[in-house]
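A.B. asks: based on what follows, work out the 3D shape:
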Amino acid sequence: MGALSTAATFGTAVPTASALTELTPAQRRYGLLPQPDLAWTPEIERATAHLYDKVRDVIPAVEWPFFAPYVHAINRLKKERNAVILAHNYQTPEIFHCVADVVGDSLQLAKLAADVDADVIVQCGVHFMAETSKLLSPNKTVLIPDSRAGCSLASSITGADVRLLKQRYPGVPVVTYVNSSADVKAETDICCTSSNAVQVVESLGVDRVIFLPDEYLGKYVAAQTSVKLILWKGHCEVHERFTAEELRAYRDADPSIEIIAHPECPPEVLAEADFTGSTAHMIDWVKSRRPAKVLMVTECSMASNVQAEVPDVNFIKPCNLCPHMKRITLPKILSSLVNMSEEVIIDPAIAERARLPIERMINLKA
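C.D. replies: Numbering: from 1, shown residues only. Sure, this is the predicted structure:
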């Protein structure tokens, strides 16, 4: 490879136009730039070998030299910063398995964020997850490596929308999926996740609730409870892309395949699935059942993360990626720790009100 001109270090390097043409496919794919102080050396190879053992079934050996220097630098620096890294199930394997301290779905991360013993939380997920961490850990510094990592569900509704709904349906409690902004949570009675949505709805002891913002999750919940749900037409741009025809085609090609789906998918997609559940429930299902061949109808990286732990299972991947989750990369995580950026700040007036529905969800007895 030819020389690469850079303007800065620690993941903020800017390559020249000529250097861009010399990047390898792995570098273009993951946005990794070779830098003078992040070189692949025998020392780093030895220091990260145990981590590569975790992901060797999902990351080709030829790509590890580009990941390993970042992994090594991040793991050293987070100790110096007294930082912990939270990673959602949709993060890529080199983040999920090699630098994260806490992993899980949004409910698991919400619960654990409040208990971490650290000065700094680096949220490897989307912005509403970082807000949730800040709401539950107001005295900690919460960073997100790229503040542009948004969410189509979270952006589908505002606090003003919720206030109008409350005016239209006075006295009807509001249940809000955690995939929402702090502004929306501040207008909410209690939050839920896909793991506990039915339990949360029924815990209120009422005959109807306003359920926000995911329409498809709401329809899934409505089919399992007698409580009437007033729904909002918010959708996940990843899960709404799946179709029933697509799943039938997979099954026609191989009748032995088992299909498991996330409840953010359209109802006709869930009707084709053998199992429906949250990301945590899907992972548990695969680990306990050990199907010979499985198709996980959710964000593609989760299948890679589970495959790293159960290499005996054959994963069929209709690879729908979340463009927001994929904004989080190793170079950006390192840059975030080096520069203590980008910090999540929430208006105290909103934070005080937004924290309550999350705490009510967490404190709900199983």
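
A.B. asks: low-confidence ranges in the chain?
C.D. replies: 1-37, 366 (pLDDT under 70).

A.B. asks: quick one, domains of it?
C.D. replies: The chain is divided into the following domains under automatic domain parsing: 17-150+325-339, 154-236, 239-316.

A.B. asks: which one, of those, ends up nearest to residue 349?
C.D. replies: domain 154-236 (8.4 Å; Cβ to Cβ). Glycine gets a C-beta too; all of them are placed from N, C-alpha and C.

A.B. asks: for the closest one, measure first residue to last.
C.D. replies: Using Cα to Cα, to the nearest Å, one end of domain 154-236 lies 9 Å from the other.

A.B. asks: ok now it, how far from the chain's centre?
C.D. replies: Averaged C-alpha coordinates place domain 154-236 at 20 Å from its chain's average position (Cα atoms, centre = their mean, to the nearest Å).

A.B. asks: out of the domains of the chain, which gets nearest to residue 354?
C.D. replies: domain 154-236 (3.9 Å).

A.B. asks: so which residues of the protein form strands?
C.D. replies: Using DSSP state E, the strands found in the chain span residues 83-88, 102-104, 120-124, 141-143, 174-177, 190-192, 208-212, 228-231, 258-261, 275-276, 293-297, 314-316.

A.B. asks: need the ones you listed in JSON lines with mean neighbour count, can you?
C.D. replies: Formatted as JSON lines, these follow (neighbours: other Cβ atoms under 10 Å):
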{"stretch": "strand 83-88", "mean neighbour count": "25"}
{"stretch": "strand 102-104", "mean neighbour count": "19"}
{"stretch": "strand 120-124", "mean neighbour count": "27"}
{"stretch": "strand 141-143", "mean neighbour count": "23"}
{"stretch": "strand 174-177", "mean neighbour count": "26"}
{"stretch": "strand 190-192", "mean neighbour count": "27"}
{"stretch": "strand 208-212", "mean neighbour count": "24"}
{"stretch": "strand 228-231", "mean neighbour count": "17"}
{"stretch": "strand 258-261", "mean neighbour count": "22"}
{"stretch": "strand 275-276", "mean neighbour count": "18"}
{"stretch": "strand 293-297", "mean neighbour count": "23"}
{"stretch": "strand 314-316", "mean neighbour count": "16"}
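
A.B. asks: redo these as TSV? Include distance to residue 361.
C.D. replies: Rendered in TSV, the data for these read as follows (distance: least, Cβ to Cβ, whole Å):
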stretch	distance to residue 361
strand 83-88	17
strand 102-104	15
strand 120-124	18
strand 141-143	19
strand 174-177	9
strand 190-192	4
strand 208-212	14
strand 228-231	17
strand 258-261	23
strand 275-276	21
strand 293-297	25
strand 314-316	31
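
A.B. asks: what's the closest of those to residue 282?
C.D. replies: Using Cβ to Cβ, the strands of the chain put strand 258-261 closest to residue 282, at 5.2 Å.

A.B. asks: save the domains of the chain as a markdown table, and put in distance to residue 360 too.
C.D. replies: Listed next are the domains of the chain as a markdown table, based on distance: least, Cβ to Cβ, whole Å:
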| stretch | distance to residue 360 |
| --- | --- |
| domain 17-150+325-339 | 12 |
| domain 154-236 | 5 |
| domain 239-316 | 19 |
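
A.B. asks: list the contacts of stretch 274-288.
C.D. replies: Contacts with stretch 274-288, where a contact means Cβ atoms under 8 Å, 6 or more residues apart in numbering, come from 89-90, 104-105, 107-108, 193-195, 220, 258-263, 270, 294, 296, 298, 302, 306, 309-310, 313.

A.B. asks: circling back: of all the domains of the chain, which lies closest to residue 353?
C.D. replies: That would be domain 154-236 among the domains of the chain, by Cβ to Cβ, at 3.9 Å.

A.B. asks: report the contact partners of the residue positioned nearest the centre of the chain.
C.D. replies: In the chain, the centroid-proximal residue (Cα atoms, centre = their mean) is residue 88; its distance is 3.6 Å. Contacts of residue 88 were listed using Cβ under 8 Å, 6+ apart, and they are 103, 104, 105, 106, 109, 124, 125, 126, 129, 325.

A.B. asks: does the fourth one touch residue 178 like I think?
C.D. replies: What it means is residue 106. Yes: here residue 106 lies in contact with residue 178, judged by Cβ atoms under 8 Å, at a distance of 4.9 Å.

A.B. asks: give me the common contacts of these two.
C.D. replies: Applying Cβ under 8 Å, 6+ apart, one finds that residue 106 and residue 178 are jointly contacted by 129, 132, 193.

A.B. asks: what about the last one, distance to residue 104?
C.D. replies: Computed as Cβ to Cβ, to the nearest Å, the residue 193 to residue 104 distance reads 10 Å.

A.B. asks: burial measure for the residue nearest to residue 114 when sequence neighbours are not counted, as a count.
C.D. replies: Nearest residue to residue 114, sequence neighbours excluded (Cβ to Cβ, 6 or more residues apart in numbering): residue 136, at 4.0 Å. By the criterion of other Cβ atoms under 10 Å, residue 136 has 22 neighbours.
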